[in-house]
Structure formats: C-alpha cells, structure tokens
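S.K.: I would like the atomic coordinates for the input below:
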Amino acid sequence: MGATMQGGHEEHPRPTLLSDFILGSQDGLVNVLGILLGLVAADTGARVILIATLAALAAESISMGAVAYTSTLARRNLYLSEVRRELEEMRVVPEMEREEVREILRRWGYAGAEVEEMLARIEAKPKAMLDIMMAFELNLPEVRPEQPRNSAFVVLTATVVGSIIPIVPFFLLTSDLRLAAFVAVLLSAGMLFAVGWYEARTTKGSTYRSALRMIVIGLGSGFAGFLVGYLAHVV
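M.R.: Now for the predicted structure:
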C-alpha cells in the first residue's frame with residue numbers, strides 16, 4: 001500500500017483500501033485490547049485471557065472480512081443497477097439527460113455557448129456522458145468487480161494484525177499480567193499512532209493531530225473494557 005512512482009507521478013493507495021486498512025486494524029486492536037484489560041481488571045488467569053482473546057481475534061477477523069465483502073458487494077450491485085437505469089434514460093429520455101449534463105456544466109462554471117459546445121462533445125462519447133452522470137449527478141463512485149474481494153482481504157488481514165499487537169505481551173509475561181497489560185497499552189498506543197500518522201501522510205493531513213486522535217479514540221475504547229472488568233470484580 002506504499003506510494004509508488006510511475007511515469008514521474010506519485011501514486012497513493014486507493015481511498016477505499018486505506019479506509020479498509022484503518023477500519024480493520026483499529027477495530028481488531030481496540031476490541032482485543034478492551035477484552036484484555038477487562039479480563040485483567042477482573043483478575044482472570046493468563047490461560048483464560050489468552051483463550052478468550054484468541055477466540056475474539058478469530059471471530060472478529062472473519063466477521064469483519066465478511067462484512068467488508070458483503071457491504072462492498074452491495075455497493076457494486078447498487079452501482080450496476082444505477083448504470084442500467086442511466087443507460088435506459090439516455091436511450092428513452094435523452095433530452096432530460098442532456099439538461100442534467102447542462103446543469104452539471106453550469107456548476108463547473110461553463111455558460112452560454114460553452115455549455116452547448118461541451119455538451120455536444122460529451123454526448124458524442126456515451127461512456128463519458130454515463131461516467132459524468134454517475135459521478136456528478138448520482139455521486140456514486142465506480143465499484144470494480146475485484147473490490148469486494150480486495151476489501152475483504154485487506155480488512156481481514158488488518159484486523160488480524162491489529163488484534164495480535166496487544167496479545168503479544170501476554171505470551172511473554174504470563175507471570176505478571178498487570179505488567180503485560182501495561183505493555184499491551186503501550187504497544188497499542190504505538191500502533192494507533194502509526195496508523196493515524198500513515199493516514200495523515202497519505203491524505204496530506206496533520207500527522208500528529210491524526211495520530212493523537214487515533215490514540216485517544218482507541219485507548220478510550222479499550223479503557224471501557226477495563227472499567228467493565230473492574231466493576232465486575234469489585235461488585
């Protein structure tokens with residue numbers, strides 16, 4: 001997903017894959033961290049903690065991958081349905097479609113004879129006219145055939161990676177679960193910082209603001225799990 005150089009131009013990851021990566025990694029990390037902190041606060045044994053979190057990793061990863069696939073497939077089916085409808089309208093009511101293109105061109109700053117000149121050029125290329133209607137009338141981005149599969153793979157993989165990060169200390173520090181929990185929080189904060197930083201670098205945003213926002217949201221959600229476990233232990 002790193003940027004590459006082709007023909008002298010820098011290419012960045014597709015927005016959908018970036019959002020899929022952030023969704024999966026953050027969801028996996030936050031869910032597992034919340035479970036870990038809750039179980040440690042409830043004074044649960046190391047074996048139960050590892051079994052519970054590994055089960056959560058497996059279930060969450062498969063679930064997130066499946067949701068990513070079905071939701072992206074639904075968006076593709078909607079896109080194809082609207083393509084068929086637009087093609088039918090271009091055939092049956094062409095003047096109405098022309099007027100819609102005129103409105104789009106006027107929003108872009110064209111006026112007078114320029115509108116009709118651009119309309120004639122666009123209408124001569126049915127594919128261009130269809131793409132303009134889909135993108136600027138219906139605001140529907142194209143969903144390519146491979147996107148559901150790619151989205152599912154990215155989300156599933158990112159969820160697994162995110163889930164593993166807070167679990168690692170519990171394999172290495174089984175004799176001191178509170179220390180393991182502390183290290184898990186530090187590793188999770190580092191992972192969340194890296195994800196937020198990468199997002200900002202890719203979208204040209206503020207790196208530290210994005211990273212800090214990701215840490216606050218992620219650790220805040222993990223603390224909710226700790227609070228539930230603590231209350232269960234003391235009540």
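
S.K.: same for the helix or strand that residue 47 is a member of, what does it pack against?
M.R.: With elements taken from DSSP states H and E, the one containing residue 47 is helix 46-92. Counting contacts by 3 or more C-beta pairs under 8 Å, 6 or more residues apart in numbering; DSSP states H and E, helix 46-92 is packed against helix 15-41, helix 94-107, helix 126-132, helix 147-172. The way it works is simple: take the backbone N, C-alpha and C, and place the C-beta from them, glycine included.

S.K.: between helix 147-172 and that helix, find me the angle.
M.R.: Orientation of helix 46-92 against helix 147-172 (axes from the mean of the first three to the mean of the last three C-alpha atoms, to 10 degrees) gives an angle of 170 degrees.

S.K.: and helix 46-92, what's its mean pLDDT?
M.R.: Helix 46-92 carries an average pLDDT of 94.

S.K.: helices and strands of this protein: which one bottoms out on pLDDT?
M.R.: The helix or strand of the chain with the poorest confidence is strand 4-6; it has a mean of 38 (mean pLDDT, DSSP states H and E).

S.K.: distance of the residue sitting furthest away from the middle of the chain relative to residue 95?
M.R.: Distance from the C-alpha centroid of the chain peaks at residue 113, with 43.2 Å (C-alpha atoms, centre = their mean). Taking C-beta to C-beta, to the nearest Å as the measure, residue 113 falls 19 Å from residue 95.

S.K.: that older thread, phi, psi for the residue farthest from the centre of the chain please.
M.R.: The phi/psi pair for residue 113 (degrees, to the nearest 10) reads phi -70, psi -30.

S.K.: that older thread, from the chain's centre, how far out does the helix holding residue 47 sit?
M.R.: Mean-position distance between helix 46-92 and its chain equals 11 Å (C-alpha atoms, centre = their mean, to the nearest Å).
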